[in-house]
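>>> model the following, please.
(2 chains)
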Amino acid sequence: MYIYYRTRSCKMARMAQPKGTHFVVSAGDTLTGAPMYMKLDGTWTSKLSEATPIDDEAQRDALISLARGQERLICDPHAFNVTVDNGSPVPISVREKVRALGPTTPLRRPD
Amino acid sequence: MYQYDIHDQRIVEQRAKQFRGQVERRLSGEITESEFKPLRLQNGLYMQLHAYMLRVAVPYGLLNSAQIRMLAHIARTYDKGYAHLTTRQNVQYNWPTLEDVPKILSDLASVQMQAIQTSGNCIRNTTSDPFAGVAPDELEDPRPYCELIRQWSTFHPEFAFLPRKFKIAVTGTPDHDRAAIRYHDIGVRIVQNEQGEKGFQIWVGGGLGRTPFIASVVREFLPYEHLLSYLEAILRVYNLHGRRDNKYRARIKILVSEHGVERFTREVEDEWALMKDSALKLTREEIQRIAEQFTPPAYEALEPLDLKLQAQTLGGDRAYARWITNNVQKHKQPGYSIVVLSIKQKDIPPGDLSDTQMDAIADIADKFSLGHAVVTHSQNLVLPDVRSQDLPELFKILSSLDLATPNFGLLTDIICCPGLDFCDLANARSIPIALKISKKFDDIDYLSDIGPLSIKMSGCINACGHHHIGNIGILGIDKHGQEAYQLMLGGQDSDDASIGKIIGPAFDETTVVGAVETIVKQYLSIRVSDDETFLQCYRRVGMAPFKEALYEGH
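Predicted structure coming up:
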């Protein structure tokens, strides 16, 4: 099958995504750049499955503010959209799926 | 090859030391990420999807064997055992930790390498013809001029914060552009005037990205001594008038388009008139000082070999014959050849090299190519100075390293950006599609029958994979959270430059490779002869037959 679509910009393409039901707050680990996900208590985990999905925009904004105060540990805090399956967050976008699972291509030394 | 003087060496060593201090302050919390980000970017350090990415500068793609060994050492010690060749003839590492980067910069400095200006809105690595210095059709070696541009542009205080990044390419071959100069902010072509004097033809305003443009000539002939002053005049006009209100309209191509070539040229000429005889005016002595470091080696006096005959006399070794035909190019010196190492191995991302391969390539460069190799903008490597009589032995060694795939310039010699597997900007993955295409067309006889056909692929509209100028271009897009792939036909990067056109609705991940196959089959069925290339065929028949083959029944 093919999909009719004409790109105008990356930004517009991302805006077109469905929204999901919840948010997860994420950032990059300052030391390694690896994706980190925020738990409800404001601590960080490298596993998306351990992140706390939140459905409240005010709470999301509060957690991002909290994350901004931890910039020695993390970089570029942001929230992304997820659905929730058996209590675990499932990203809507391919970007966050790949970011959570790692490259889908072969690595020479996958450690 | 240019050798650092004491000042060059001190600069890169101090730069590494300075960055060590900046990293320490970032990790201690003394400076914030927003304060640190511009500092790390000025040292080529990005934060990508899974990790930091360090881009190492390889001026005009030229490496010596000690540098290749150091790149292997860095891959082994600080990364996951591999490095990635880029379309700006640079090298990238996808997995360094922040605290290791100062050590990497120190290691690089020890072999006269650095990562300065490999990011940010400044003048980036100047690229050139990968066959520079050894091509038989070359008017003059462009690398001394690339080096002059590198020295002029490095830390140039006026151009450290341009409206956007700025890319320059130089070719010394007037009639065969292998450096894609028409798609650069500035393209420089060495030419000869009617009086037999050598100088430069200057192209401005080319580029890819979301708004692709083919550059325009702003000066047909620039005397050699004015190269830097003229480039400075162009940069000044751009710096003054280039848009800073919208990053998507900030490249010089937009300025040239909005002003028109005539007005832009007039502005440059006016600016240049004020400064053409300034300290930037080059002297023959200064050019000679740099050119002496690129003096051709003392080639042996060898009899020219008929390579095709040599291939046939080796017992009909078809693999060797294919490799000679596709990957071995004519050298300016009789008895020598240029060898292209295909870094497009089956099941390996295009442009990826392991540490062991790099160590082996360093040894090979020492033994077979006077100690040098060149990174190409098509993500391959070139051994520029191989004695033709050594080709059979070299082929055997390269085959054992999986570096002798005879596909240079053929369909599986795919240019491919890192895409959504690594890049923070990407909308879709590109490497898995490239690997699937390579697998689908993993038949060298079939590839040879298809003939010259470039596939170039990007995971987003920023076009790092040059999709606009592939004979078949593939652009990854995001459609409601799903990856989709637009196909373009008719792009070309050389003297007959053209920008590809979208053929129609995009394909999903499961159907895009089949769509490419359909296009290729249609070409094979309608070409007028085996000698008509894909691009010639497309230009003759247009889009319609391909569109019909792809979308018939939908």
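>>> what pLDDT does the nearest residue to B:Met70 once chain neighbours are set aside get?
Nearest-residue entry for B:Met70: B:Val111, 4.5 Å, with adjacent residues in sequence omitted and distances by Cβ to Cβ, 6 or more residues apart in numbering or on different chains. The C-beta positions use only the backbone N, C-alpha and C, and glycine is treated the same way. B:Val111 is assigned 98 on the pLDDT scale.
>>> B:Val111: neighbour count?
Using other Cβ atoms under 10 Å in any protein chain shown, B:Val111 is surrounded by 18 other residues.
>>> what packs against the strand or helix carrying A:Val24?
For A:Val24, the element it lies in under DSSP states H and E is strand A:22-29. With contacts taken as 3 or more Cβ pairs under 8 Å, 6 or more residues apart in numbering or on different chains; DSSP states H and E, strand A:22-29 sits against strand A:35-38, helix A:57-68, strand A:74-85, strand A:88-91.
>>> return the residues of the stretch 151-300 of chain B in contact with chain A.
Contact residues, the stretch 151-300 of chain B versus chain A (Cβ under 8 Å from any Cβ of the partner chain): B:Arg210, B:Tyr248.
>>> of the helices and strands packed on strand A:22-29, which approaches chain B most closely?
strand A:74-85 (4.5 Å; Cβ to the nearest Cβ).
>>> how far does that closest one sit from the chain's center?
Averaging C-alpha positions (Cα atoms, centre = their mean, to the nearest Å) puts strand A:74-85 3 Å from its chain's average.
>>> next: stretch B:327-346.
From the chain centre to the centre of stretch B:327-346 is a distance of 17 Å (Cα atoms, centre = their mean).
>>> quick check, distance from the strand holding A:Val24 to the centre of its chain.
4 Å.
>>> A helix includes the residue nearest to B:Met70, no?
No. The assignment for B:Val111 is coil, going by DSSP: H, G, I helix; E, B strand; the rest coil, so no helix is present there.
>>> is it in contact with B:Leu63, as I believe?
No. With contact defined as Cβ atoms under 8 Å, B:Val111 does not count as touching B:Leu63 (9.4 Å).
>>> any idea of the pLDDT on residue 58?
You didn't say which chain, so I picked chain A. pLDDT, A:Ala58: 93.
>>> think we crossed wires, I meant chain B
With respect to pLDDT, B:Val58 has a value of 98.
>>> what residues does it make contact with?
Applying Cβ atoms under 8 Å, 6 or more residues apart in numbering or on different chains, we find B:Val58 in contact with B:Gln89, B:Asn90, B:Val91, B:Met113, B:Asn125, B:Val375.
>>> least confident of these?
For these, the least confident entry is B:Asn125, with 92.
>>> contacting residues for it?
B:Asn125 touches B:Ala57, B:Val58, B:Pro59, B:Tyr60, B:Arg88, B:Gln89, B:Asn90, B:Gln117, B:Thr118, B:Arg150, counting by Cβ under 8 Å, 6+ apart.
>>> what of B:Ala362?
Going by Cβ under 8 Å, 6+ apart, B:Ala362 touches B:Ser65, B:Ala66, B:Ile68, B:Arg69, B:Ala72.
>>> picking up where we left off before, so the residue nearest to B:Met70 versus B:Ala273, what's the distance?
As judged by Cβ to Cβ, to the nearest Å, B:Val111 and B:Ala273 stand 42 Å apart.
>>> same question for B:Arg76.
Applying Cβ to Cβ to B:Arg76 and B:Ala273 gives a distance of 54 Å.
>>> which one of the two is surrounded by more residues?
Just comparing B:Arg76 and B:Ala273: by other Cβ under 10 Å the higher neighbour count belongs to B:Arg76, 19 against 10.
>>> I figured B:Tyr238 hits B:Glu158, correct?
No. Counting by Cβ under 8 Å, B:Tyr238 stays clear of B:Glu158, with 11.1 Å between them.
>>> in the stretch 301-450 of chain B, which residue sits nearest chain A?
Nearest to chain A in the stretch 301-450 of chain B, going by Cβ to the nearest Cβ, is B:Asp421, at a distance of 4.0 Å.
>>> list the contacts of the spatially closest residue to that residue that is not a sequence neighbour.
Nearest residue to B:Asp421, sequence neighbours excluded (Cβ to Cβ, 6+ apart): A:Pro103, at 4.0 Å. Listed by Cβ under 8 Å, 6+ apart, the contact set of A:Pro103 reads B:His50, B:Asp421, B:Phe422, B:Ile431.
>>> hmm, try it at 10 Å
A:110, B:49-50, B:94, B:349, B:418-422, B:429, B:431-432 (Cβ atoms under 10 Å, 6 or more residues apart in numbering or on different chains).
>>> what of B:Lys547?
B:Leu489, B:Ile503, B:Gly504, B:Ile519, B:Gln522.
>>> burial count for B:Pro223?
Neighbours around B:Pro223, by other Cβ under 10 Å: 15.
>>> thank you, goodbye.
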